[in-house]
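Undergrad: everything below, folded, please.
(3 chains)
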Amino acid sequence: MTCLQKEICINSKPRGFYLITHEVVSNFPEMSQINKGVLQIFIKHTSASLTINENADSTVREDFEAHFNEMVQEGQPYYRHTIEGPDDIPAHLKSSILGSSIQIPITNGSLNLGTWQGIYLCEHRNNGGSRTLFLTALGE
Amino acid sequence: MTCLQKEICINSKPRGFYLITHEVVSNFPEMSQINKGVLQIFIKHTSASLTINENADSTVREDFEAHFNEMVQEGQPYYRHTIEGPDDIPAHLKSSILGSSIQIPITNGSLNLGTWQGIYLCEHRNNGGSRTLFLTALGE
Amino acid sequence: MTCLQKEICINSKPRGFYLITHEVVSNFPEMSQINKGVLQIFIKHTSASLTINENADSTVREDFEAHFNEMVQEGQPYYRHTIEGPDDIPAHLKSSILGSSIQIPITNGSLNLGTWQGIYLCEHRNNGGSRTLFLTALGE
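TA: This next block holds a predicted model:
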């Protein structure tokens, strides 16, 4: 059994949902040492998040941005944490609804994803800056 | 320390929420080898999901179906990914809100769930077909 | 590689969102033995949940309570699981939207959280009582 860890940086992106599967995998070649295990991807921020969803049609990611903006609207009268602008508290809420980590099985040194699954970085701020991901692969 | 992996198939079900704790456990007797560890259950699809909730009263699962249909409604004017029908993009959205994996502690060879906790398969498509789950148990 | 497990109890709190990072860490000094790994925190209940979010301004936690009460309203006409009162089924729904476990990397014996990240206990019942958390640290 072994544990491999690595911090990687994702360049600044405008608000929206982005497919980052290739970027994660290509930055973590050490994962090929793990025959059976789990990869955790953890985002070290509270206004961006990670999820797994469809890796083919970009309209899925556009619909995610549109729907989360409806489900967690800006400018609600009950918001009190509004110092950093209208996208501030909605970004925190979206981040907890989607979650700050994903876990994916590793089999034979590769991510064991379904055919249509990809890793999304969910950027909830208008100007969130670059984002730090921390990778942990546990297995044998 | 050891890592055990197994793929299991859940038969096709109509849209809704289903308790599958017994089906998962009975298909993975190898888990009894793990004294202390974690079980990951990963669903290899983007229009069905997994969660943990109440294992007793079936009205909880009916209310889940009703509420998620309100919170993520079909036919929103801003949807663009509508090729496969009105349940298509709502299924992707529900899948990311609930999540594609759950992690449960293993203690003394069994799932260490609370008294009222059970594993739900959340089928978000009208005709989703059978669903593949991938199990990884890590521990000693 | 090692696996450490411990059950801890969080005292009863009124409905709302609470920062419990210090309480978790101070109750699990054994974690310092893990150089590289992952901590899982699992809540053994179906009407309270765990998430990671902003650790500084308490208005974030107040806005979370307000927003989740809007997104998952009490008294919806389609609810059937209402025996234990108006906060019953909304608590189950919020619990699955936020999730019953969080996973955090461990590096050099400490939680590898971002600067602004903290652990929230999300109490969704008016009188939920004390809550049991089950900690599993896996690593080397």
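Undergrad: show me what the residue lying closest to residue A:134 once chain neighbours are set aside is bridged to.
TA: Spatial nearest neighbour of residue A:134, excluding adjacent residues (CB to CB, 6 or more residues apart in numbering or on different chains): residue A:42 at 4.6 Å. Bear in mind the C-beta positions are built from the backbone N, C-alpha and C, glycine included. Beta-bridge partners for residue A:42, by DSSP bridges, are residue A:101, residue A:134.
Undergrad: so what's residue A:42 up against?
TA: A:50, A:100-101, A:133-136, C:103-105, C:112 (CB atoms under 8 Å, 6 or more residues apart in numbering or on different chains).
Undergrad: repeat that for 10 Å
TA: A:7, A:50, A:100-103, A:132-136, C:38, C:52, C:102-105, C:112-114, C:117 (CB atoms under 10 Å, 6 or more residues apart in numbering or on different chains).
Undergrad: and residue A:91, by the same measure?
TA: By CB under 10 Å, 6+ apart, the contact set of residue A:91 is A:15, A:45-49, A:68, A:72, A:74, A:84-85, A:122-126, A:128, C:54.
Undergrad: hmm, 8 Å instead?
TA: Counted by CB under 8 Å, 6+ apart, residue A:91 has contacts A:46-48, A:124-125, A:128.
Undergrad: and it, which of the three is it?
TA: The three-state assignment at residue A:91 reads helix, by DSSP: H, G, I helix; E, B strand; the rest coil.
Undergrad: show me the contacts for residue A:5.
TA: A:134-137, C:36, C:105, C:107.
Undergrad: in chain A, what residue lies closest to chain B?
TA: In chain A, the residue that lies nearest chain B is residue A:114 (3.2 Å; CB to the nearest CB).
Undergrad: need phi/psi at the single nearest residue of chain A relative to chain C.
TA: Closest approach of chain A to chain C (CB to the nearest CB) occurs at residue A:44, with a separation of 3.2 Å. The phi and psi values for residue A:44, taken as degrees, to the nearest 10, are phi -90, psi 40.
Undergrad: and if you look at residue A:27?
TA: Phi and psi for residue A:27, reported as degrees, to the nearest 10, are phi -90, psi 0.
Undergrad: among the contacts of residue A:91, which lie within strands?
TA: residue A:48 (DSSP state E).
Undergrad: separate out the buried members of the contacts of residue A:91.
TA: Neighbour counting by 16 or more other CB atoms under 10 Å in any protein chain shown classes A:46-48, A:124-125, A:128 among the contacts of residue A:91 as buried.
Undergrad: between these, which is nearest residue B:94?
TA: Nearest to residue B:94 among the buried ones among the contacts of residue A:91: residue A:124, at 18.8 Å, using CB to CB.
Undergrad: give me the nearest residue to the closest one, chain neighbours excluded.
TA: Leaving aside its chain neighbours, residue A:124 sits nearest to residue A:91 (3.5 Å; criterion: CB to CB, 6+ apart).
Undergrad: could you do residue A:130 as well?
TA: Counting by CB to CB, 6+ apart, residue A:130 lies nearest to residue A:12, which is 4.9 Å off, once chain neighbours are set aside.
Undergrad: touching, that neighbour and residue A:125? I think so.
TA: No. Here residue A:12 does not reach residue A:125: they are 10.0 Å apart, not a contact under CB atoms under 8 Å.
Undergrad: pLDDT value on residue A:83, please?
TA: As predicted, residue A:83 sits at a pLDDT of 89.
Undergrad: brain fart, residue A:35
TA: At residue A:35, pLDDT is 98.
Undergrad: how many neighbours does residue A:127 have?
TA: Using other CB atoms under 10 Å in any protein chain shown, residue A:127 is surrounded by 11 other residues.
Undergrad: what are the phi and psi angles of it?
TA: Reported as degrees, to the nearest 10, the phi and psi values for residue A:127 are phi -130, psi 70.
Undergrad: contacts only, for it.
TA: Counting by CB under 8 Å, 6+ apart, residue A:127 touches residue A:12.
Undergrad: and what of the one 5 residues further on?
TA: Counting by CB under 8 Å, 6+ apart, residue A:132 touches A:7-10, A:43-45, C:114.
Undergrad: what do you get for residue A:65?
TA: Residue A:65 is in contact with A:15-17, counting by CB under 8 Å, 6+ apart.
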